[in-house]
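Peer 1: coordinates only, sequence not included:
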């Protein structure tokens, strides 16, 4: 950056960081003679009047926020087309750098950072400010063990503008809350979720959700449950693990009610953890020889067995007199006689006798299969006779076509009946998906077997998701049982919104079909690789990409590496800024290095 002093007051000394929105410089307030941090917005934001208005308004609101655990905002200003924020300078490093360099933090240190950050968030939430971008990169660890949240105002401005105008910004999808990922407004409990992710990473050295791209990670925040932190760091106390997982609940109402409550719970669990450590460090006093052991809550009570049931015995004399036993025996004999009369009248007695006399031969049945007798409809001498029918194990018809199923049943002497077909995501169309009775159940030759044939996967009507945020569109389509393939495309449509789908809305794909969703990455283009091309061809390709060549630097062999000079010819492009393949805003400036004659 060429300009070194802003508004004749803030001197830029050294760049100490850079992100998607701004560069951060260590600087000095010349008027007050103090060290400051100066965050300078990238130049392409200077043309977005709506963003700048919101940015200045919210940064000024953040300047009214003062708390020991929040970086103070001193000033918000503009010098020509340069927009900047002047903040408190915190020596040390951010929490992300600490984790990357040293791995998981000691449990006590991680909890202390969480308590301090939650207390800072509580102060902001009371003023109606939601950070919306809590992450380890935005938590500064000072040289004096200070813990300070930074980027209030600028983070809020970026995300709030994205929410209302350009969709969700996925630059920090690793820490985004499920409701923000779905395009819903962020609340104080969204900050609690992001702080929970930050604590998870501080305690384990890893993130709960990772993926190939930011949208895949955001979808995991919406749908997946994190692995318990103790899987990666067994030293984490169970009560701390439970509290972190509570902060990561998908439903905001199930998280701690406020940042203050989260801070209080973290602090109380830290005390409990320290007390447990002290208790475990003290050896238990041995019990005296005559001391009776004391029962504890963990001692299982010995079950009390019920008294044995008295054995049955023959009835003996009772006070009711000897006639009672005789009376009961008479009732029993009467019941036996009546049962025999009933069985004889219905022919069942004869059938039973017939089955018993023929049980050792397969007459009337299939050899090798069990048989049973049932009454026929033809009386002999006025009394129904019994015949023997085979018992057949039910075959498995699933995944046979309808004709094969009928043939299989007819060969076994069974009657087939096809019922109404049904849709199935598992069984292909035209094949049996269900049957009754089920396979291996024993049936007789007189049984009727029903089966249903699959219609294949159920067709659904593809909804119109054009104009939705891409993550909302993906959730809606996947809930219909459709697969989603995401494709990026440069467009004047706001970043993160769906441009079109293939196939288009209104068609009826089947569940499991893949829908291509094309979404906008904003008005961006890819810098073509023009190194090695003649300057005329390079100009043509750069212009076709929507970029503008602002400078052509003719370089002789005295300024070029020897191999480049040897392998190039005059008028040939030897370098470019930006480089080939870089994604840049359409209309951006391009500088070319050209081999001079």
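Peer 2: Ah, there it is. Here the structure is a predicted model, which is why all the values come from computation and not from measurement. Residues are numbered from 1 along each chain as shown.

Peer 1: List the contacts of residue 596.
Peer 2: 554-556, 570 (CB atoms under 8 Å, 6 or more residues apart in numbering). All C-beta spots, glycine's among them, are computed from the backbone N, C-alpha and C.

Peer 1: before we move on, what about residue 90?
Peer 2: By CB under 8 Å, 6+ apart, residue 90 lies in contact with 37, 71, 140, 142, 146, 148, 150.

Peer 1: Keep only those of those residues that are in strands.
Peer 2: Among the contacts of residue 90, the members falling in strands (DSSP state E) are 37, 140, 142, 148.

Peer 1: List buried residues within those.
Peer 2: Buried members of the ones in strands among the contacts of residue 90, counted by 16 or more other CB atoms under 10 Å: 37, 140, 148.

Peer 1: need these in JSON lines with distance to residue 415 and pLDDT, can you?
Peer 2: Converted to JSON lines, these look like this (distance: CB to CB, whole Å; pLDDT from 0 to 100):
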{"residue": "37", "distance to residue 415": "86", "pLDDT": "93"}
{"residue": "140", "distance to residue 415": "80", "pLDDT": "94"}
{"residue": "148", "distance to residue 415": "81", "pLDDT": "95"}
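
Peer 1: Take those residues and write them to CSV, including distance to residue 125.
Peer 2: Listed next are those as CSV, based on distance: CB to CB, whole Å:
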residue, distance to residue 125
37, 24
140, 20
148, 17
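
Peer 1: Just name the closest of these to residue 548, please.
Peer 2: Among these, residue 37 lies closest to residue 548 (CB to CB), at 33.3 Å.

Peer 1: Tell me the spacing between the closest one and residue 52.
Peer 2: Applying CB to CB, to the nearest Å, the value for residue 37 to residue 52 is 20 Å.

Peer 1: okay, how far is it across stretch 412-432, tip to tip?
Peer 2: Stretch 412-432 has an end-to-end distance of 18 Å (CA to CA, to the nearest Å).

Peer 1: So for that stretch, what gets flagged as buried?
Peer 2: Buried residues in stretch 412-432, counted by 16+ other CB under 10 Å: 412, 414, 416, 421, 424, 427, 431-432.

Peer 1: same question, stretch 174-192
Peer 2: Under the neighbour-count criterion of 16+ other CB under 10 Å, stretch 174-192 has 174-183, 186-192 buried.

Peer 1: ditto for stretch 65-76
Peer 2: With burial defined by 16+ other CB under 10 Å, the residues of stretch 65-76 counted as buried are 65, 67, 69-76.

Peer 1: Quick one: residues in contact with it.
Peer 2: If you take CB under 8 Å, 6+ apart as the criterion, stretch 65-76 is touched by 10, 29, 36-37, 56, 59-60, 62-63, 84-88, 90, 116-117, 119-120, 123-124, 127, 129, 140, 146-153.

Peer 1: picking that back up, the buried residues of stretch 65-76 into CSV, with extra columns for distance to residue 455 and pLDDT?
Peer 2: Below are these laid out as CSV (distance: CB to CB, whole Å; pLDDT from 0 to 100):
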residue, distance to residue 455, pLDDT
65, 62, 85
67, 63, 92
69, 62, 94
70, 61, 94
71, 62, 92
72, 67, 91
73, 63, 90
74, 69, 91
75, 69, 89
76, 64, 87
